[in-house]
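Q: What follows is a predicted structure for the sequence shown.
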Amino acid sequence: MDRRSFVINCSLGFAALQMPLFQEYSQKDLIIGHGDFKYKVDAEWGKLNAVKYPVNDCHEMVIDKKGRIYLLTNHTKNNVLVYSQKGKLLDAWGTQYPGAHGLSIKDEGGEEFLYITDISRHAVFKTTLKGKEIMELPFPNCINYESVEQYLPTETCIDDEGNVYVSDGYGLQHILVYDSSNRLKGVFGGKGPFDRNLDNAHGICLDYRSAKQPSLLIADRMKNQLKRFSLSGRLLDVIFLPGAYICRPVIKGDQVYLATIWSGNGKAASGFISILDKNNQLISAPGGHEPVYKDGILNQMRQSVKVFSHPHDVCIDNDENIYVAQWNAGRSYPIKLVRV
Amino acid sequence: MRSIFYLILCFSISSCIVLDEPRYLQSEEVMLASPKMHIDSVFFKDCAIIKGIKPISEADIFWSNVAQGSENESIFEDSLKVDEDARLLFRADHLAYKESEITRLNCRQALVPYHLDTLSSLPKAPYNEQGLKILNDLKKASESYSDPAWIAFRSGTIYLGLDFGAPVFVERISLSTLIDINGWIFPPSSIMIQANSSTIIDSSKSTMFDYASPQNQFFDLTIADTLSKANIEIHMDSIPQGHPGQGTKPWFFIDEIAVR
């Protein structure tokens, strides 16, 4: 091969190598969200072989200290799927949670544990990260409950003293507080007409953003409200998010992230993601309208593009990417929103 | 020849390279959400004003009025004024996205006042608090059956009588109803209106599978006659097979009878 041919061949080869890249740049990546919180959408992130690793509803996700992401589904072939942040399946376990709904993670003395709520078994379970069940919280034997069927726990959160806060979001709407010995020590919330009452207390988390006053954030979904309670159950604040049917608050940094299962007047498949700042103002709504406040009141929120169907939970990694699990979304796997 | 060989070789190699980058969703793969349309009065005497919210600010909203037999679309500007019966379709569109699904909006002119008699039919508790007066108050109920602006009946045939007081030319009578199959609220199997010596029948049969979610539905019956009274018969079939309530009486929900 002479020098001239070599140059021509190499040029042609280089051009061919570049072709996929040019194709990549000629397309337009969808960007969703507002302000500093905008994202590209990796819709294929969590996709698996549906025969080997099926899902029904993908309810909740948490991330452990090593960055592994745990997905909870109510498919009893594998209630928990464990992913790497690149979407590779690392583990699959769990066959005994037909009503798997809520998933929380807590570091207890260096070891992390999962808390699973099951609305079919009317119970809360504690497991290791490998799925070994080590505890079941007792049924809340208090005056408020006449039968076990009334107890439909949707979520838990656990404080540093080992107190477990259970939201009975599909049941009687109580927040049940168990001490570290699993004894029921307090009840608040419940159905009723007052601000302190709850209507679909779907999700709960501990808010340590104010070092002076740790508090509980509770989604009052059917009222489109996020409520802040003291750890003793006193209502501190009501954050109204009109048109946003929020599921579980998830705090990362100063922000609160919430999967928003429906929007507007509650039409099916109208969900988006809500992101609140440290003052609990909605600053970005990936998949939704740009949030606009007028005289301190948020305009009614609605879906803008059909990226999501029914977002049910979010999980945030250290790069502030968002992983979205969806309920009733055609047995689809989680989506990753990559922050841009 | 050798150049082509190298080209194919390099192309094959490049095809085998698995880029670690994910393939992000492209905007043209994503559908816009439907525009949110708001009408100040579904039932009106003179006119109704419609306003809309785009799913994204760069999108356009297109509208058409199929009640006029035309599917020609116009761009929706700030607002739209309608002064006659309308069946409006709205969709959002933008070059970079898939167009939205259609938002439907119906409105009816209600020009003729009347007095309403129940004849033998009475609305059933608890959906009777407001009484029959809500059927000509020009207020539209929501798609929720718990909205007190609905009244409801549960019998095989429902009889309602309209008394116009004096002879008046009636172009059409519209019944505004709710259909919510999961709530056991079904459309009528037929509606008959006896006006003077003639009988007008609407027997548009629907299956329950047409109504996956709660929705409002108008039943429009053309009269085109001068009359002082009209008797309406609403026939309800039993709940069909395949529904948990099969064989039992369904509910009939109505919030307005608009006469033009």
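A: Received it, and whenever you're ready, just let me know what you need. Numbering: from 1, shown residues only, chains lettered A, B, ... in the order given.

Q: Would you mark the buried spots in the helix or strand encompassing residue A:33?
A: Counting by DSSP states H and E, the element that carries residue A:33 is strand A:31-34. Neighbour counts over strand A:31-34 (16 or more other Cβ atoms under 10 Å in any protein chain shown) mark A:32-34 as buried. (Glycine included, C-beta is placed from N, CA and C.)

Q: Up against chain A, what does the stretch 101-250 of chain B have?
A: Selection of the stretch 101-250 of chain B residues close to chain A by Cβ under 8 Å from any Cβ of the partner chain yields B:142-143, B:213.

Q: wait, which of those is closest to chain A?
A: Closest approach to chain A among those (Cβ to the nearest Cβ): residue B:213, at 6.4 Å.

Q: Could you measure from the closest one over to residue B:21?
A: Per Cβ to Cβ, to the nearest Å, residue B:213 is found 39 Å from residue B:21.

Q: hmm, stretch B:33-48 touching chain A?
A: Yes: against chain A, stretch B:33-48 shows contacts by Cβ under 8 Å from any Cβ at B:33, B:36.

Q: Would you mind putting the CA coordinates of that stretch into PDB?
A: Written as PDB, here are the backbone C-alpha positions of stretch B:33-48 (Å, rounded to 0.1, in the frame of the first residue of the first chain):
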ATOM      1  CA  ALA B  33     -50.100  16.500  27.000                       C
ATOM      2  CA  SER B  34     -53.600  17.600  26.000                       C
ATOM      3  CA  PRO B  35     -54.400  21.300  26.300                       C
ATOM      4  CA  LYS B  36     -56.400  22.300  29.400                       C
ATOM      5  CA  MET B  37     -59.600  24.000  28.200                       C
ATOM      6  CA  HIS B  38     -62.000  25.900  30.400                       C
ATOM      7  CA  ILE B  39     -65.400  27.100  29.500                       C
ATOM      8  CA  ASP B  40     -67.200  29.700  31.700                       C
ATOM      9  CA  SER B  41     -70.600  28.100  31.100                       C
ATOM     10  CA  VAL B  42     -71.400  24.800  29.400                       C
ATOM     11  CA  PHE B  43     -75.000  25.900  29.300                       C
ATOM     12  CA  PHE B  44     -75.500  29.500  28.200                       C
ATOM     13  CA  LYS B  45     -78.200  31.800  26.900                       C
ATOM     14  CA  ASP B  46     -76.100  34.300  24.800                       C
ATOM     15  CA  CYS B  47     -72.600  33.000  24.600                       C
ATOM     16  CA  ALA B  48     -69.800  31.100  26.400                       C
END
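
Q: tell me how far it is from the chain's mean position?
A: On the basis of Cα atoms, centre = their mean, to the nearest Å, stretch B:33-48 sits 12 Å off its chain's mean C-alpha point.

Q: Only the buried residues of it, if you could.
A: Using 16+ other Cβ under 10 Å as the burial criterion, the residues of stretch B:33-48 that qualify are B:33-37, B:39, B:42-44, B:48.

Q: and the residues you listed, which of them are in strands?
A: B:36-37, B:39, B:43-44, B:48 (DSSP state E).

Q: so, if you compare these, which one comes nearest to chain A?
A: Taking Cβ to the nearest Cβ as the measure, chain A sits nearest to residue B:36 out of these, at 5.8 Å.

Q: Need the contact partners of the strand holding residue A:33.
A: Contacts to strand A:31-34, defined as Cβ atoms under 8 Å, 6 or more residues apart in numbering or on different chains, come from residues A:38-41, A:273, A:275, A:283-287, A:290-291, A:305, A:307, A:337, A:340.

Q: Near chain B, list only the ones from those.
A: A:40-41, A:290, A:305, A:307.

Q: got any ranges where the chain has weak pLDDT?
A: Using chain A. A:1-27 (pLDDT under 70).

Q: Chain B is the one I meant
A: In chain B, residues with pLDDT under 70: B:1-20, B:119-120, B:203-212.

Q: what about residue A:165, helix or strand, and which?
A: strand A:164-167.

Q: And for that strand, what's in contact with it?
A: A:102, A:115, A:117, A:124, A:137, A:140, A:153-159, A:175-178, A:182, A:189, A:198, A:201-204, A:206, A:216, A:218.

Q: what's the next secondary structure element after that strand?
A: strand A:174-178.

Q: That next one - which strands sit beside it in the sheet, and in what orientation?
A: strand A:164-167 (antiparallel), strand A:184-189 (antiparallel) (DSSP bridges).

Q: between those strands, which gets nearest to residue B:245?
A: strand A:164-167 (33.3 Å; Cβ to Cβ).

Q: Pick out the residue of the stretch 51-200 of chain B closest to chain A.
A: Counting by Cβ to the nearest Cβ, the stretch 51-200 of chain B gets nearest chain A through residue B:55, at 4.5 Å.

Q: Just the element for that residue, please.
A: Counting by DSSP H and E, residue B:55 is part of no helix or strand.

Q: shouldn't it be in contact with residue A:307?
A: No: at 11.8 Å, residue B:55 does not count as touching residue A:307 under the criterion of Cβ atoms under 8 Å.

Q: how many neighbours does residue A:109 have?
A: The number of residues packed near residue A:109 is 6, by other Cβ atoms under 10 Å in any protein chain shown.

Q: Give me the distance between it and chain B.
A: 37 Å (Cβ to the nearest Cβ, to the nearest Å).

Q: Next: residue A:47.
A: Distance from residue A:47 to chain B, by Cβ to the nearest Cβ: 11 Å.

Q: What residues does the closest residue to that residue other than its chain neighbours make contact with?
A: Nearest residue to residue A:47, sequence neighbours excluded (Cβ to Cβ, 6 or more residues apart in numbering or on different chains): residue A:333, at 4.9 Å. Contacts of residue A:333 were listed using Cβ under 8 Å, 6+ apart, and they are A:45-48, A:55, A:58.

Q: now do residue B:138
A: Per Cβ under 8 Å, 6+ apart, neighbours of residue B:138: B:41, B:43-45, B:110, B:256.

Q: so which strand or helix has the residue nearest to residue A:47?
A: Using DSSP H and E, residue A:333 falls outside every helix and strand.
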